[in-house]
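Chemist: Pasted the sequence and its predicted model underneath.
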Amino acid sequence: MVDVGLREFISASHWHWQVAECVQSLDLHVGEAPSVTHGTPGAAPAVQAIQARWPRGAAVVGTGVPTATAALCWEATGAAALRRFRCVQRLVMAARPWRTQDWPLPKRTKAGPDTEKMCRDLREAGFELMAMRVASYHCEISASKWLAFLAELRHWSAEELEHFRQKLGEEAEGVEKYLHFDDRLLLLVAVPSTWSCTCSRRAKRPRLTAPLTPVLPWRLALEGFWAPLCPLSAAEAAEALEKLDQHAQQVVGPSATAEELVGEQRFKLHLLYPWAAQLVCHPVILEAVKQALGTPNLLVWFSEVNAKGPRSSCHAAPHQDGIFASLAPNDAVITVWLAFTDAFAEMGGLFFHRGSHLGGPLPHRVDGEAENLIGFRVDGADVMSDEAVPVELKAGEASLHTFRTLHWSGPNLTPSRRVGLAVRYVRSDVARSRPLRRRESAMVACGHYDPTVGAFDVEIPPVHPLGCMEVAQHSDALARERENYWADEVA
């Protein structure tokens with residue numbers, strides 16, 4: 001299957017994952033100015049994406065004899081074609097062998113590359129195979145997009161595709177059917193045999209490391225989280241915390257602090273206060289989210305205050321944000337966690353399970369433990385592994401994570417406060433995965449949004465702090481979500 005055809009139908013996060021897997025296999029390092037070639041037309045989009053985001057550029061020299069240090073071939077056919085790349089230091093072949101896929105198809109096909117033949121072609125072309133691995137990404141794609149993609153492949157007749165459409169089943173009224181499956185990418189890493197004795201045999205996949213701003217969407221797609229982003233100074237974070245405490249004094253009592261906010265007092269403050277609306281629309285945050293989601297059109301779907309007082313035993317059990325949300329595709333959503341105070345591990349800071357988003361939604365169960373702030377938890381996941389990463393933030397810093405990334409936070413073991421704001425951003429074209437009792441609302445963060453086409457009514461940014469119109473809109477927005485939330489069941 002040619003990669004360039006798939007790009008038009010998959011999510012931005014899915015595409016970023018594919019490019020990032022190729023970057024890692026090419027063993028490119030940020031700060032270098034590598035020369036990269038694409039060996040086949042199918043590889044060109046990935047190389048162009050590398051070129052667009054690399055700090056000092058990457059040369060794309062076409063499909064002729066390369067002068068590059070690294071080459072990316074997409075489903076190259078035959079040893080003769082591969083011999084042109086014997087002058088490169090590293091050759092990566094990327095493919096999607098049909099036998100490794102669990103794609104929903106009208107019928108199985110033998111079209112596409114064969115792994116054994118690819119390895120044989122490499123040897124005959126004078127290459128030594130250094131590493132071979134299969135990377136996987138859990139897809140959620142609408143049935144209409146998937147059928148359009150299958151039609152582009154032209155492996156099946158119109159009658160076969162229509163029969164397959166009927167087999168997929170009827171859609172619920174007003175809600176498009178979404179398909180779930182794993183996309184598997186085979187990556188073969190090889191070097192010319194004459195180099196194999198002296199080259200570095202790096203079979204272990206490298207990590208993308210700082211400075212990472214040019215490749216934020218790649219790391220986010222690979223690992224499921226990103227930090228730190230630095231939207232606020234320490235002084236600006238302290239000012240935001242003071243305003244949050246003032247909100248607590250308004251709705252709880254004269255001496256209250258953010259830690260005493262409960263229930264809906266913590267939610268969607270960006271509809272009540274201009275200062276909160278300005279925070280969720282901070283240009284540094286929006287630029288990062290636009291890169292991650294691959295669109296200039298963003299909505300703020302939800303925000304909530306996360307606060308733990310000194311020596312608080314409250315915690316958030318391991319969970320994925322998207323388990324109750326009914327948003328589709330769920331990789332069209334990003335959570336930003338903005339720290340108003342320092343948020344280190346011992347203060348109840350966030351932990352992320354690296355790569356947990358690649359496997360899709362996990363089963364969750366209700367958790368009645370009083371100190372669990374979220375009321376549910378993932379069922380049976382082993383979070384104490386090498387892939388559990390603490391993300392420690394200073395006041396004013398932020399982290400990003402996907403809607404499918406497994407994460408949690410412990411109790412605050414220190415005498416200091418730990419306060420932050422979690423904001424959930426969605427692409428303007430995000431849909432609902434099932435019928436809802438009430439149509440929800442969201443605020444336009446940037447770009448264009450048409451509510452007659454989109455899934456949400458439009459929320460108006462606040463003008464007056466706790467004004468009558470602001471309070472009414474806030475109450476209405478939460479009433480809609482409350483009705484839909486309690487209609488959900490834990491997967």
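Modeler: On my side now, so go ahead. Bear in mind the structure is a predicted one, so any value in this text is a computation, not a measurement. Numbering: from 1, shown residues only.

Chemist: where's Glu75 relative to Phe149, distance?
Modeler: 17 Å (C-beta to C-beta, to the nearest Å). For the C-beta atoms, the positions are set from N, CA and C on the backbone; glycine is no exception.

Chemist: Just want to know which of the two has more residues nearby.
Modeler: A count of neighbours by other C-beta atoms under 10 Å puts Glu75 above the other of Glu75 and Phe149, at 20 against 17.

Chemist: Point out where this structure drops to low pLDDT.
Modeler: When residues are selected by pLDDT under 70, those of the chain lie in 1-5, 28-68, 76-77, 98-100, 108-113, 172-173, 195-214, 381-386, 486-491.

Chemist: quick check: domain ranges of it?
Modeler: The record assigns the chain these domain ranges, following automatic domain parsing: 3-220, 224-485.

Chemist: Please identify the most buried of those.
Modeler: Neighbour counts averaged per stretch over the domains of the chain are highest for domain 224-485, at a mean of 19; criterion: mean count of other C-beta atoms under 10 Å.

Chemist: pretty sure Met443 is in a strand, no?
Modeler: Yes. The assignment for Met443 (DSSP: H, G, I helix; E, B strand; the rest coil) places it in a strand.

Chemist: Could you measure from the residue nearest to it when sequence neighbours are not counted over to Leu358?
Modeler: The shortest distance from Met443 to any non-neighbouring residue, by C-beta to C-beta, 6 or more residues apart in numbering, is to Glu459 (4.1 Å). According to C-beta to C-beta, Glu459 stands 33 Å off from Leu358.

Chemist: For Ser416, give me phi and psi.
Modeler: Per-residue torsions, Ser416: phi -110, psi 160 (degrees, to the nearest 10).

Chemist: That one and Ala422, how far apart?
Modeler: Counting by C-beta to C-beta, the gap between Ser416 and Ala422 amounts to 19 Å.

Chemist: just Asp457 next, same as before
Modeler: From Asp457 to Ala422 the distance is 22 Å (C-beta to C-beta).

Chemist: likewise Met93?
Modeler: Applying C-beta to C-beta to Met93 and Ala422 gives a distance of 41 Å.

Chemist: What of Pro310?
Modeler: Per C-beta to C-beta, Pro310 is found 21 Å from Ala422.

Chemist: Next: Leu271.
Modeler: Separation of Leu271 from Ala422 (C-beta to C-beta) stands at 15 Å.

Chemist: Doesn't Glu483 belong to a helix?
Modeler: Yes. Assessed with three-state DSSP, Glu483 lies in a helix.

Chemist: Quick check: it touching Arg438?
Modeler: Yes. Between Glu483 and Arg438 there is a contact at 5.0 Å, judged by C-beta atoms under 8 Å.

Chemist: on that earlier part again, let me see the contact set for the residue nearest to Met443.
Modeler: Counting by C-beta atoms under 8 Å, 6 or more residues apart in numbering, Glu459 makes contact with 271, 441-443, 473, 477.

Chemist: Next, the contact list for Ser441, please.
Modeler: Listed by C-beta under 8 Å, 6+ apart, the contact partners of Ser441 are 456-459, 476-477, 480.

Chemist: Go through those and flag which are in strands.
Modeler: Using DSSP state E, the members of these that fall in strands are 457-459.

Chemist: could you dump those residues to a markdown table with distance to Ile334?
Modeler: Shown next, in a markdown table, are these (distance: C-beta to C-beta, whole Å):
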| residue | distance to Ile334 |
| --- | --- |
| Asp457 | 21 |
| Val458 | 20 |
| Glu459 | 18 |
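
Chemist: ok, His163 to Pro106 distance?
Modeler: 7 Å.

Chemist: go on, Val300?
Modeler: Per C-beta to C-beta, Val300 is found 40 Å from Pro106.

Chemist: name the element the residue lying closest to Asp367 once chain neighbours are set aside belongs to?
Modeler: In this structure, Asp367 finds its nearest non-sequential neighbour in Arg377, 4.5 Å apart by C-beta to C-beta, 6+ apart. Assigned by DSSP states H and E, Arg377 belongs to strand 376-378.

Chemist: Can you give the contact residues for that strand?
Modeler: Residues from elsewhere that reach strand 376-378 (C-beta under 8 Å, 6+ apart): 317-320, 323, 362-367, 406, 490.

Chemist: neighbouring strands for the helix or strand following that strand, and are they parallel or not?
Modeler: Using DSSP H and E, the helix or strand that follows strand 376-378 in sequence is strand 388-391. Within its sheet, strand 388-391 is paired with strand 350-353 (antiparallel), according to DSSP bridges.

Chemist: following the strand it pairs with, which helix or strand shows up next?
Modeler: Downstream of strand 350-353, the next assigned helix or strand under DSSP H and E is strand 364-366.

Chemist: show me what contacts the residue lying closest to Leu269 once chain neighbours are set aside?
Modeler: Closest residue to Leu269 apart from its sequence neighbours, by C-beta to C-beta, 6+ apart: Ala276 at 4.3 Å. Contact partners of Ala276, counting by C-beta under 8 Å, 6+ apart, are 243, 269-270, 303, 421, 462.

Chemist: Tell me which helix or strand Ala276 sits in.
Modeler: helix 274-280.

Chemist: could I have that helix exported to PDB, CA atoms only?
Modeler: Presented in PDB, the C-alpha positions along helix 274-280 are these (Å, rounded to 0.1, in the frame of the first residue of the first chain):
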ATOM      1  CA  PRO A 274     -11.900  36.800  31.300                       C
ATOM      2  CA  TRP A 275      -8.500  36.000  32.900                       C
ATOM      3  CA  ALA A 276      -9.200  32.300  32.600                       C
ATOM      4  CA  ALA A 277     -10.400  32.600  29.000                       C
ATOM      5  CA  GLN A 278      -7.100  34.400  28.200                       C
ATOM      6  CA  LEU A 279      -5.200  31.600  29.800                       C
ATOM      7  CA  VAL A 280      -6.800  28.800  27.800                       C
END
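
Chemist: what's the offset of the helix or strand following that helix from the middle of its chain?
Modeler: Next helix or strand after helix 274-280 toward the C-terminus (DSSP H and E): helix 283-293. Remark: helix 283-293 is offset 12 Å from the chain centroid, using C-alpha atoms, centre = their mean, to the nearest Å.

Chemist: before we move on, what about stretch 390-401?
Modeler: In terms of C-alpha atoms, centre = their mean, the centre of stretch 390-401 is found 17 Å from the chain centre.

Chemist: Can you list the residue ranges for strands in the stretch 151-300 of the chain?
Modeler: 178-192, 225-229, 298-308 (DSSP state E, counting those that start in this stretch).

Chemist: Make JSON lines out of these and add distance to Leu327.
Modeler: Formatted as JSON lines, the strands of the stretch 151-300 of the chain follow (distance: least, C-beta to C-beta, whole Å):
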{"stretch": "strand 178-192", "distance to Leu327": "10"}
{"stretch": "strand 225-229", "distance to Leu327": "19"}
{"stretch": "strand 298-308", "distance to Leu327": "8"}
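
Chemist: closest to Ser25 out of those strands?
Modeler: Of all the strands of the stretch 151-300 of the chain, it is strand 178-192 that lies closest to Ser25, at 4.7 Å by C-beta to C-beta.

Chemist: Output that closest one as PDB, nothing but the C-alphas.
Modeler: Taking Å, rounded to 0.1, in the frame of the first residue of the first chain, the C-alpha atoms of strand 178-192 are listed here in PDB:
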ATOM      1  CA  TYR A 178     -16.300   4.600  13.700                       C
ATOM      2  CA  LEU A 179     -14.000   1.600  13.100                       C
ATOM      3  CA  HIS A 180     -11.200   0.500  15.500                       C
ATOM      4  CA  PHE A 181      -8.200  -1.400  14.400                       C
ATOM      5  CA  ASP A 182      -4.400  -1.400  14.600                       C
ATOM      6  CA  ASP A 183      -2.200   0.000  11.900                       C
ATOM      7  CA  ARG A 184       1.200  -1.900  11.800                       C
ATOM      8  CA  LEU A 185       4.300  -0.500  10.200                       C
ATOM      9  CA  LEU A 186       7.200  -2.700   9.400                       C
ATOM     10  CA  LEU A 187      10.600  -1.000   9.600                       C
ATOM     11  CA  LEU A 188      13.800  -2.600   8.200                       C
ATOM     12  CA  VAL A 189      17.100  -0.900   9.000                       C
ATOM     13  CA  ALA A 190      20.100  -1.800   6.900                       C
ATOM     14  CA  VAL A 191      23.600  -0.600   6.000                       C
ATOM     15  CA  PRO A 192      25.900  -1.400   3.100                       C
END
